[in-house]
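1. sequence first, then the predicted structure, then my questions.
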Amino acid sequence: MFKKVLIANRGEIAVRIIRALREMNIASVAVFSEIDRRALHVQMADEAVCIGPAASSESYLRADKIIGAAREFDAEAIHPGYGFLSENAAFPKACEEAGIRFIGPRWQAIEQMGSKTGARRVAMAAGAPIVPGTEQGIADPDEAKRIAKEIGYPVLLKAAAGGGGKGMRRVDSEADLLSAMRSAASEAERAFGSAEVYLEKLIEKPRHIEVQVLGDEHGHIIHLGERECSIQRRHQKVIEECPSPLMRERPELRDEIGEAALRIARAVNYSNAGTLEFLADQSGRFYFLEMNTRLQVEHPVTEWVTGLDLVRWQIRIAAGERLSVRQEDMRWTGSAIECRVYAEDPASNFFPSPGRITQYAEPSGPGVRVDGGVYAGWTVPLEYDPLLAKLSTWAGTREEAIDRMRRAVSEYRVLGITTNLQLFRDVMADEVWRRGELDTGFLERFMAEYAPAEGGTRQIAELAAKAAVKPEAAAAAVTGSVWLESARRGLLR
Amino acid sequence: MSFEEHAQDGRGVKRSAERASDVISQVAARSRALCASVEEIMPGLFSVLVEGRSYQVNVAPHADGFEVWVGLERYFISLADPRDRASNSRQGGAAGPVELRAQMPGKIVKLLAAVGAKVTAGQGLIVVEAMKMQNEVKAPKEGTVAKIHVAEGATVAAGDLLVVVE
């Protein structure tokens, strides 16, 4: 086993990895940018080294500096975390050349799965379902008609050159196809300078379901079940869970989607931890989207339900150990939910809200886990992702896990900056969410009608503010009958 | 009234039980009414009891007032004019040392009193400039300037301790 590992990351994931290393009696080396000198991961690591200015391009994305630091500190391996260099095939390649183990898949697998189209080809060859459609642009109306009929309406026309909804058209029947093609093409031409459009099957009310895989470097690979991540804002996950509520109606789905994931992973001789993302329709038909060749942000929900420590296994596998868990040994117990606590304001379109945290208290108690990277007094920098912590809960059933999340959120205190904690409290109480009727449009619909209710405790707040300024003034206010009278009159009820 | 006196026969027990429950509910009603208190558990964390209801309240300085959380409800409480509060507490006649804090981020323009100076209630102690306005921090009561925590020209954050009057 390694004696020392360098973590090429920051924030909560760096802290998560340091914790695993400490449990394994492996020394940890943190790297940090100039603005992260006071960051939690720097405080917690055994050793730490500054690798450059705040801009990630000058620090956390500098493979040369990170590998140099690993050499200087005699680290035998590097854990990339997620983001930054984790999915850049050049980084593990450079590690290999420097004689340092990369804790992740082989760089060849990262390269193969790195582009969406490449991954799609691998999946097709492996016989896994992908969203049916044309690979290239399509101009001939008769061919478009034939293909649309083949994959079935509704279909989606998309601009080959771009994204962001421009040049995108939903087509429900053949009668509308030609006019939609013309308008999509001209819109694409205006937006991207290319009129090329392609056809894809439209998945209505899609659910985001992904499969965790774990393989060793001796050819043994298993899947650890699914996670549902349909609660998203701006295509970024906010709430994740395991198992997916879809599995209640279709329990056989886990094996099916897990097998599909393994076929794709085996096709690229995948090792270490990886995640295959799928879209599923409401009936449970699923289509491969892309692969994340790294540890996933939301890995804790899988850890809760499977009892496996994914980071620990990543390190053991990178050190050459065999994965001792067989597919038939896998058990999924209970239900886990994760909320990503961000420094952002849901009321202003989830705009980031960096700044200094003046007070901070994490929840605890039964079935609660916090993967945090911040503390009271820490200034959340503008330069990086505003993820503060991941709050996850586990319980025997999904309903209890939701109740537990509500309770845990109510114990969480972050002062000084705006967070999305209140939103989580209100989503947990939502009937549609509780029924598990999810799709990737859930949060957008929820936000359209959302107004956080004021709890009627303003007078309590005013009282405490008075006490903060002057304890004796507050005492007077409390015993003074005027205040108490107005409190009785209903605000406190 | 003694409960034991009535506990000799069945009827007595019943009657005393009725009375006991009356007494308990009376006491309970009274203690609910009286039980209104604020305890500072640690800086910024308060426990508030009102009519038997318990609230955990977090308070942090924010802009010209406080960011306050009562459970998961967040409030921004702006404070009244500091001069008003100074005069209020003058009437209240607070005993012991009184800490004066910056209400909002600003700059110390001038110190009007030195440590050890005898001051009268309402006397200006420090001139603070915030948001292009100058404000005098005034003595909340008659006493002595025990400590000055800032120097002229210094910048202060909301909630920073400025001066202590004893």
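-> Done, it's in.
2. C-alpha from now on. contacts and neighbour counts both.
-> Will do.
3. around chain A, which positions in chain B sit nearby?
-> Taking C-alpha under 8 Å from any C-alpha of the partner chain as the criterion, the neighbours of chain A within chain B are B:34, B:36-38, B:40, B:44, B:46, B:48, B:55, B:57, B:59-60, B:62, B:66-73, B:75, B:77, B:89, B:94, B:101.
4. the bottom helix or strand of chain A by mean pLDDT?
-> helix A:481-486 (a mean of 51; mean pLDDT, DSSP states H and E).
5. so of the residues of chain B next to chain A, which ones are in strands?
-> Judged by DSSP state E, strands contain the following of the residues of chain B next to chain A: B:37-38, B:40, B:46, B:48, B:55, B:57, B:59-60, B:62, B:66-70, B:73, B:75, B:77, B:101.
6. could you find the closest non-adjacent residue to A:V368?
-> Setting aside the residues directly before and after it, A:V368 is nearest to A:T393 in space (C-alpha to C-alpha, 6 or more residues apart in numbering or on different chains), at 4.6 Å.
7. doesn't that neighbour belong to a helix?
-> No. Counting by DSSP: H, G, I helix; E, B strand; the rest coil, A:T393 is not part of a helix but strand.
8. that one reaches A:G334, doesn't it?
-> No. Using C-alpha atoms under 8 Å as the test, A:T393 is too far from A:G334 to be in contact (10.6 Å).
9. can you give me the strands in chain B?
-> Assigned by DSSP E, chain B shows strands spanning B:37-42, B:45-50, B:53-62, B:65-70, B:73-78, B:98-101, B:106-111, B:118-119, B:124-130, B:133-138, B:143-148, B:155-156, B:161-165.
10. quick one, the fourth one and strand B:73-78 angle?
-> With axes from the mean of the first three to the mean of the last three C-alpha atoms, to 10 degrees as the basis, strand B:65-70 and strand B:73-78 are set at 160 degrees to each other.
11. now do strand B:65-70: which elements does it pack against?
-> Here strand B:65-70 touches helix A:458-469, strand B:53-62, strand B:73-78, going by 3 or more C-alpha pairs under 8 Å, 6 or more residues apart in numbering or on different chains; DSSP states H and E.
12. redo the ones you listed as JSON lines? Include mean neighbour count.
-> As requested, these are exported to JSON lines (neighbours: other C-alpha atoms under 10 Å in any protein chain shown):
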{"stretch": "helix A:458-469", "mean neighbour count": "24"}
{"stretch": "strand B:53-62", "mean neighbour count": "22"}
{"stretch": "strand B:73-78", "mean neighbour count": "19"}
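13. turn those into CSV, including distance to A:P346 and mean pLDDT.
-> Listed next are these as CSV, based on distance: least, C-alpha to C-alpha, whole Å; pLDDT from 0 to 100:
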stretch, distance to A:P346, mean pLDDT
helix A:458-469, 21, 86
strand B:53-62, 20, 89
strand B:73-78, 14, 88
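14. wait, which of these is closest to B:K147?
-> For those, proximity to B:K147 was assessed by C-alpha to C-alpha; helix A:458-469 is nearest, at 17.7 Å.
15. so who does the nearest residue to A:E76 once chain neighbours are set aside touch?
-> Of all residues beyond its chain neighbours, the one nearest A:E76 is A:I100 (5.4 Å), with distances taken as C-alpha to C-alpha, 6+ apart. Applying C-alpha atoms under 8 Å, 6 or more residues apart in numbering or on different chains, we find A:I100 in contact with A:75-78.
16. what packs against the helix or strand harbouring A:V15?
-> Secondary-structure assignment from DSSP states H and E places A:V15 in helix A:11-23. Secondary structure elements in contact with helix A:11-23, counted by 3+ C-alpha pairs under 8 Å, 6+ apart, are strand A:4-7, strand A:27-33, helix A:40-44, helix A:310-318, strand A:368-372, strand A:387-395.
17. roughly how far is the first one from the heart of the chain?
-> Meaning strand A:4-7. 23 Å (C-alpha atoms, centre = their mean, to the nearest Å).
18. could you pull out the buried residues of it?
-> Along strand A:4-7, the positions that meet the burial threshold by neighbour count (16 or more other C-alpha atoms under 10 Å in any protein chain shown) are A:4-7.
19. would you format those residues as CSV with distance to chain B included?
-> Formatted as CSV, those follow (distance: C-alpha to the nearest C-alpha, whole Å):
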residue, distance to chain B
A:K4, 40
A:V5, 39
A:L6, 37
A:I7, 34
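20. and the helices and strands packed on strand B:65-70 as TSV, adding distance to A:A188?
-> As requested, those are arranged in TSV below (distance: least, C-alpha to C-alpha, whole Å):
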stretch	distance to A:A188
helix A:458-469	52
strand B:53-62	48
strand B:73-78	45
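21. which regions of chain B sit below the pLDDT cut-off?
-> Applying pLDDT under 70 to chain B flags residues B:1-21, B:23-36, B:80-95, B:103-105, B:130-134, B:158.
22. how's it carved up into domains?
-> Here the domain parsing of chain B from automatic domain parsing is B:2-82, B:96-165.
23. what's A:M428 in contact with, if anything?
-> A:402-403, A:405-406, A:434.
24. only the buried subset of the residues you listed, as a ChimeraX command please.
-> Burial among the contacts of A:M428 is assessed by 16+ other C-alpha under 10 Å; the matching ChimeraX selection reads:
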select /A:402,403,405,406,434
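25. how far away is A:I460 from B:E51?
-> Relative to B:E51, A:I460 is positioned 12 Å away (C-alpha to C-alpha, to the nearest Å).
26. now swap in A:I231 and tell me
-> On the measure of C-alpha to C-alpha, A:I231 and B:E51 end up 40 Å apart.
27. have a look at those two and say which one is more surrounded.
-> A:I231 (24 against 20; other C-alpha atoms under 10 Å in any protein chain shown).
28. may I have the secondary structure class of the more buried one?
-> Of the three states, A:I231 takes strand under three-state DSSP.
29. neighbours of the closest residue to chain B within the stretch 201-350 of chain A, how many?
-> With C-alpha to the nearest C-alpha as the measure, A:D345 is the residue of the stretch 201-350 of chain A nearest to chain B, at 12.9 Å. Residue crowding around A:D345 was assessed by other C-alpha under 10 Å; the count is 17.
30. pLDDT wise, what is it at?
-> In this model, A:D345 is scored at 90, pLDDT.
31. pretty sure it contacts A:L421?
-> No. Distance between A:D345 and A:L421: 9.7 Å, which falls outside the contact criterion (C-alpha under 8 Å).
32. many thanks, we can stop here.
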